[in-house]
Each structure stands twice: as structure tokens, then as C-alpha cells.
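Asker: I'll drop the sequence and a predicted model, then ask my questions.
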Amino acid sequence: PSGFTAYGGALPDEEPGPDGRPLACLRAQVPFSPWLDVDASAVEVEYWHGYSNAATFPHIQHFDSIPSLLSALHRTDLVTVSALMHGFSARLLDVALVRYAAALSRSLDGGAASGVDSSGCSNANSECDATKP
């Protein structure tokens with residue numbers, strides 16, 4: 001997908017990563033920078049595509065040739081697939097809204113408890129995993 005890793009900003013290498021070690025240690029674990037530009041090689045694009053929404057979201061239809069594509073178009077209920085994709089995206093948006101609201105609330109409260117657990121879920125309702133049906 002065009003532009004899904006287009007921004008090339010980054011924190012300095014000495015900044016702490018999620019595990020407290022410098023970001024340079026985390027960056028050394030991947031073979032390519034995730035910030036693809038127009039001169040990125042096909043190998044770099046293929047590597048990062050595997051982590052993209054286009055490759056990891058449910059209900060994606062795969063094909064390996066033009067005949068396979070045409071056959072899949074003939075036998076696939078595209079309206080149903082589209083509805084399933086839309087439903088997943090809607091649940092994902094709901095989760096994102098809950099988690100961003102929780103993060104904002106914690107920031108405004110100075111980190112005080114806000115009725116939301118560390119995953120961004122309401123303490124009263126932990127059903128905010130977008131991958132659940």
C-alpha cells in the first residue's frame with residue numbers, strides 16, 4: 001500500500017525503547033528501516049508489507065496468478081467479504097478510540113487511575129479486543 005510507511009522521522013538512537021534499552025538495539029533487530037521511500041528495494045517493500053494492514057487484517061483474499069484471481073472473483077461472495085472487513089475495521093476503530101481516550105485521560109490526570117486498565121479497556125468491560133467476533 002502506497003505511503004503506509006512514508007514518514008521518515010525517528011527518535012535518536014540513544015532514546016530508550018520499550019524495554020529500556022537504547023532504540024539502536026531495537027533497530028538492529030530488523031534488516032531494513034521501516035521508513036520506505038521511492039528508492040526502496042522490492043525486498044524492503046516485501047519485508048515490511050508482511051506487517052501491513054493489507055497483509056495481516058482478516059478476510060484478505062489471496063491469489064498467486066491471474067487465473068487464480070479470476071477464479072476467486074467468480075466464487076467469492078464479495079459483498080460478504082466487504083461486510084466482514086467493514087465489521088473488523090469498525091471494531092478496530094472502537095478499540096482505538098477507547099485506548100486513545102484512556103491515554104488522554106491518563107495524561108490529563110497526571111497518570112491517575114481513570115477506570116481503564118493498562119490495555120486501554122474499561123475495568124468494567126474487558127471486551128475491547130478487536131480480533132474478537
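Answerer: Received, thanks.

Asker: how about the helices of the chain, start to end?
Answerer: Applying DSSP state H to the chain gives helices spanning 23-27, 42-49, 53-56, 66-75, 78-108.

Asker: out of all residues in this structure, which is the farthest from the middle?
Answerer: Distance to the chain centre peaks in the chain at P67, reaching 30.6 Å (criterion: C-alpha atoms, centre = their mean).

Asker: go through the helices of the chain and find the least confident stretch.
Answerer: Mean pLDDT across the helices of the chain is lowest at helix 23-27; the value there is a mean of 78.

Asker: returning to that earlier point: do you know which of the helices of the chain lies nearest G17?
Answerer: With C-beta to C-beta as the criterion, G17 lies closest to helix 23-27 of these, at 4.4 Å. Just so you know, the C-beta spots here come from the backbone N, C-alpha and C atoms, and that holds for glycine as well.

Asker: buried residues, that closest one. List them.
Answerer: L23 (16 or more other C-beta atoms under 10 Å).

Asker: and the contacts of it?
Answerer: By C-beta atoms under 8 Å, 6 or more residues apart in numbering, the surrounding residues in contact with helix 23-27 are 10-19, 33.

Asker: how about a cut-off of 10 Å?
Answerer: Contacts to helix 23-27, defined as C-beta atoms under 10 Å, 6 or more residues apart in numbering, come from residues 10-19, 33-34.

Asker: tell me the pLDDT at the residue nearest to E14 when sequence neighbours are not counted?
Answerer: Nearest non-adjacent residue to E14, counting by C-beta to C-beta, 6 or more residues apart in numbering: P22, 5.2 Å away. Note for P22: predicted pLDDT of 84.

Asker: just I60 next, same as before
Answerer: Confidence at I60, expressed as pLDDT, is 91.

Asker: settle this for me: it is touching V81, isn't it.
Answerer: Yes - in this structure, I60 is within contact of V81 by C-beta atoms under 10 Å, at 9.0 Å.
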